[in-house]
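**Q** Return atomic coordinates for the entry below.
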Amino acid sequence: YERHYGVSGTVMYPCRSKDVATPAEPVTRTGKRNFCFTVVYAGTLNTSGYFPLRTIAECLENLNGKLVIYGSLTKEEAIKKGLNRSNICVNGFLPAEQFIERIRQEADVLFVPMHFDNKKKKQMQTSFPSKLTDYTATGLPLLIYGPPCCSAVRWAQENPGVAEVVASENSDELGQALERLKVPQYRDRLARVAIERGNQLFAHTIAREQFLTCLTREPNQI
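**A** Alright, predicted model coming up:
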């Protein structure tokens, strides 16, 4: 932008709905009856997006855990894409107003996968996962899985302690990360940072103030 137009720009993160309320404390399900370590992914998927879901489901199987998927994926499509494992639950689309409360009740970790395909490198560098706005409003810890250059990994590095990060396409490393996330105290620590940084970066009021400030600046101040 600066090379093309001669002025710098201000990067704005996506923001939450103004009606989203964030928890004051992390959510934990450890003491609940019939507890099963559960990772949730919410969002749309393209063809290459299925691979990390298959990988994490395999890792969870070794830990007696399960993967729950919310989004446009149907059970029929899941079978075609190899996502019909016994520890994968495809729940379809969930309205935004119900999403946060629902996953607080059934998730232990929220999954943020990014592409490792070098052909999508530019897209992964410039496209920020908007799901982080609501993910950080849940009181749950984040697991980011993507290459070092992608926006989600860079965001986590710029905000230490906000997420467990696996920046290598390696199922062993992903499995080790899940092992660490099975520890309730570690999940609690990550979730606290995610709540704090999410409120600072994605809150509707923060985004509104930043946007209005940019609009009212003089051209030579931008």
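**Q** where does the residue nearest to A57 when sequence neighbours are not counted fall, phi/psi-wise?
**A** Nearest-residue entry for A57: L67, 4.6 Å, with adjacent residues in sequence omitted and distances by C-beta to C-beta, 6 or more residues apart in numbering. C-beta here means a position set from N, CA and C on the backbone, and glycine is covered the same way. With angles defined as degrees, to the nearest 10, L67 sits at phi -110, psi 130.
**Q** Please name the bridge partners of L67.
**A** In this entry, L67 is beta-bridged to V39, I88, by DSSP bridges.
**Q** Pretty sure it sits against I88.
**A** Yes - using C-beta atoms under 8 Å, L67 is in contact with I88, at 5.0 Å.
**Q** Now for those two: what residues contact both?
**A** Residues touching both L67 and I88 by C-beta atoms under 8 Å, 6 or more residues apart in numbering: L53, A57.
**Q** low-scoring stretches of this structure, by residue?
**A** When residues are selected by pLDDT under 70, those of the chain lie in 30-34, 46-49, 218-222.
**Q** my read: A57 touches S86, true?
**A** No - here A57 lies out of contact with S86, judged by C-beta under 8 Å, at a distance of 9.4 Å.
**Q** Not counting the host helix or strand of Q176 itself, show me its contacts.
**A** For Q176, the host element (DSSP states H and E) is helix 171-181. Contact with helix 171-181 is made by 37, 39, 55-56, 58-60, 62-63, 65, 108-109, 141, 143, 145, 164-166, 186-187, 190, as judged by C-beta under 8 Å, 6+ apart.
**Q** Quick check: K121 vs Y186, distance?
**A** Remark: distance between K121 and Y186 (C-beta to C-beta, to the nearest Å) = 31 Å.
**Q** where does stretch 170-185 sit relative to the chain's centre, distance-wise?
**A** 16 Å (C-alpha atoms, centre = their mean, to the nearest Å).
**Q** Pull out the buried positions in that stretch.
**A** By neighbour count on 16 or more other C-beta atoms under 10 Å, the buried set for stretch 170-185 is S171, L174, G175, A177, L178, L181.
**Q** what's the answer for stretch 117-137, then?
**A** Within stretch 117-137, the residues that count as buried by 16+ other C-beta under 10 Å are K120, M124, F128, P129, K131, L132, T133, D134, Y135, T136, A137.
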